[in-house]
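> sequence first, then the predicted structure:
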Amino acid sequence: MTQPPKTPLLDKVTYPADLRKLEDRDLPQLAREVRDEMIDAVSKTGGHLGAGLGVVELTIAIHNVFNTPEDRLIFDVGHQCYPHKILTGRRDRIRTLRQEDGLSGFTRRAESEYDPFGAAHSSTSISAGLGMAVASDLDKTDRRVIAVIGDGAMSAGMAYEALNNAGALDARLIVILNDNDMSIAPPTGAMSAYLARLASGRTYMGFRDFGKKLTAYLGKKVDRAITRAVEHARGYVTGGTMFEEMGFYHIGPIDGHSFEHLLPVLRNVRDHAEGPVLIHVVTQKGKGYAPAEAAADKYHGVNKFDVITGAQAKVKPNAPSYTSVFAEALVQEAELDDKIVGITAAMPNGTGLDKLASIFPSRCFDVGIAEQHAVTFAAGLAAEGFKPFAALYSTFLQRAYDQVVHDVAIQGLPVRFPIDRAGFVGADGPTHAGSFDTAFLATLPGFVVMAASDEAELKHMVRTAAAYDAGPISFRYPRGEGVGIEMPVRGEILQIGKGRVVKEGAKVALLSFGTRLADCLLAAEDLDAAGLSTTVADARFAKPLDHDLIRQLARHHEILITVEEGSVGGFGSQVMQFLSTDGLLDNGLKIRSLVMPDLWMEQAKPEVMNAHAGLDRAGIVSTVFRVLGRPAAFGVGAAG
Ligand SMILES: Cc1ncc(C[n+]2csc(CCOP(=O)(O)OP(=O)(O)O)c2C)c(N)n1
Ligand SMILES: CC(=O)[C@@H](O)[C@H](O)COP(=O)(O)O
Ligand SMILES: [Mg+2]
């Protein structure tokens, strides 16, 4: 167990105001101490390490130069915000990161006035920053707004929508492009190649020279237009980069780890910039911690680890992860069908598509952080007879909803949607929970919407999706490992719209959609023991619903309970609607729908969140007892 680092300088810095009292020459030492503190903390909590290590100097310089929180500082994604949190009054809680009732792993308005905008989904910072910059102009304040966005986040269309608007508005917005030539994986796309050319095409400009140009360059709007024309003509500062053509003053590239570079540029921009400025800083993801610097993913997301060796705690799985089951099943089907292709939006490892890419590199596409494009790109492939599997986390699929509706569902194109991270996800908290996909997909015409109840079912659903060409089809599965069930050699093709009864009973019916099936079976043991013979069924499909199964359950049981890892409007709502339109509620059937409620409790483990939501064995039992008026005493493990 390593001792906490010695941080004499950082011990004197609680807020940025304390930081601003330091001499410039003290800042490199402060950076060392912030790094040490962050490495020690994350070694105990796990979390996002590499990105934060890459912006220690940048974060210190921004808080040194700008008057935060009055000046607004927005981090894109927010996973790199740990140094920011350490320097803005939250060092004392930094070891509660990403834990129940602890600090969020991302920026969060509710957490601090130094977090003017929440994040976690990428590429929102320029839009939010522009909103705040325009507000500052309208309020006639001299408040500055700084948006820090990574090169990966710059691959999302939303970033360009914002740049486009900012340039046209001539807004007083400072965008700092943190270019570390990394996304989660190495970046893809022409943009990253362009940035690489910008960063490597020239050496960092000498500062005196740069400072003179900069001051001249950032004059009033009218002067700026003349100055720009002159500068362009002389191919000066960074003649005609894409950002300049969009109305930004593109400064850089500068060394994002050097205070000699950062401080004069930021001070000049603070004092002279009137219009939108983009400062291109080059940094190293994982900087300052050898194991992170050496790692392929630069320790983007880590478990707890040994600070000395960098060795991460190994979590011994009892069963394969859903992601690995999906990936292997897809490879198996792709080997048999060369029309199968995979698409990921910058999450090759998270979705498991890196396995497909390693075997079929020409049939797997990482489109960058561009979910909207990913979906319509898949639609184009489907229109030409391919079988695209657009593998997206549930939460990130939200970003592409119009593409799902307009380009896929309305045209009835057979795009396959493997939806990972369905349900509670734990440490990433509410911004990453997979709550809404069933609700927003099952409402769409022609969609087939499935949920795997275990890893064997997932394998069947991959095969079923591969075989299904009549329209769009989705199948959802949670983060983490399966239940350890015996696996088929190859998935079977499921009959579309048919569920299955897993356990016969007569009084209580539990109808599960997804992996809550295991808890339903455990609850059934308790209910049987209390004399309430219980049927357990696995719906498999939220659309089309298995009407015969639902009628069978409705007619032969006192109470029907639907259980799912989704929100109101999802599976349970579909069943309720069918029951009422089919007149099945007229015979006094009691019905309840257990779903993920709007409890936005931070970052607890999924099993804790499911228990809080009543989606576990005890919650299911206590619901039955409460509805049937049975005292909880009958129930084994029934919650109050
Ligand atoms: C809309 C969306 N898609 C995917 C992700 C997952 N994600 C988190 S960080 C990241 C890479 C960000 O790269 P970059 O902006 O360069 O930041 P860096 O980690 O390099 O500092 C991705 C893909 C996300 N947060 N939001
Ligand atoms: C910051 C971000 O959005 C990703 O790194 C995300 O945290 C990955 O989630 P998993 O850990 O579930 O792959
Ligand atoms: Mg990056």
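Now that the structure is in, tell me what you want to look at. Ligands and ions are numbered 1, 2, ... in the order given.

> if we ignore the residues flanking it in sequence, what's nearest the residue in the chain that ligand 3 sits nearest to?
The chain approaches ligand 3 most closely through Gly150 (3.8 Å), counting by Cβ to the ion. Heads up, the C-betas are built off the backbone N, CA and C, glycines and all. Sequence neighbours aside, Asn178 is the residue nearest to Gly150 in space, at 5.0 Å (criterion: Cβ to Cβ, 6 or more residues apart in numbering).

> my guess is the one you found is in a helix, correct?
No - counting by DSSP: H, G, I helix; E, B strand; the rest coil, Asn178 is located in no helix; its state is strand.

> that one: what's it in contact with?
For Asn178, the contact set (Cβ atoms under 8 Å, 6 or more residues apart in numbering) comprises Gly54, Val55, Leu58, Gln80, Val148, Ile149, Gly150, Asp151, Gly256, Val281, Thr283.

> gap between it and His48?
14 Å (Cβ to Cβ, to the nearest Å).

> so what sits against both of these two?
Common neighbours of Asn178 and His48, counting by Cβ under 8 Å, 6+ apart, are Gln80.

> hang on, the earlier thing: and the residue nearest to Gly150, what pLDDT?
Looking at Asn178, its pLDDT is 98.

> look up how far ligand 1 lies from it.
Applying Cβ to the nearest ligand atom, to the nearest Å, the value for Asn178 to ligand 1 is 6 Å.

> what's the answer for Ala135, then?
Look at Ala135 and ligand 1: by Cβ to the nearest ligand atom, they are 24 Å apart.

> and the gap between that residue and Ala554?
Distance of Ala135 to Ala554, given as Cβ to Cβ: 54 Å.

> returning to what we had before: just the contacts of Asn178: which are in helices?
Of the contacts of Asn178, the ones assigned to helices by DSSP state H are Leu58.

> quick check: bridge partners of the residue nearest to Gly150?
Gly150, Val281 (DSSP bridges).

> pLDDT weak spots in this protein?
Residue ranges of the chain with pLDDT under 70: 1, 201-239, 599, 601, 631-640.

> if we go to 50?
Low-confidence segments of the chain, defined by pLDDT under 50: 203, 205-209, 236-238, 634-640.

> tell me the domain ranges of it?
The chain breaks down into these domains under the TED database: 10-294, 322-476, 500-628.

> quick check: end-to-end length of the last one?
Its start and end residues considered, domain 500-628 measures 25 Å (Cα to Cα, to the nearest Å).

> what separates it from the chain centre, distance-wise?
29 Å (Cα atoms, centre = their mean, to the nearest Å).

> ok, the longest one next?
For domain 10-294, the distance between its averaged C-alpha position and the chain's averaged C-alpha position is 20 Å (Cα atoms, centre = their mean).

> first vs last residue of that domain, how far apart are they?
Domain 10-294 stretches 27 Å from its first residue to its last (Cα to Cα).

> ok, back up a step: any idea which of the contacts of Asn178 is closest to ligand 2?
Nearest to ligand 2 among the contacts of Asn178, counting by Cβ to the nearest ligand atom, is Gln80 at 9.2 Å.

> show me the beta-bridge partners of Tyr393.
Beta-bridge pairing for Tyr393 (DSSP bridges): Asp420.

> tell me how far Gly301 lies from ligand 1.
In this structure, Gly301 and ligand 1 are 9 Å apart, going by Cβ to the nearest ligand atom.
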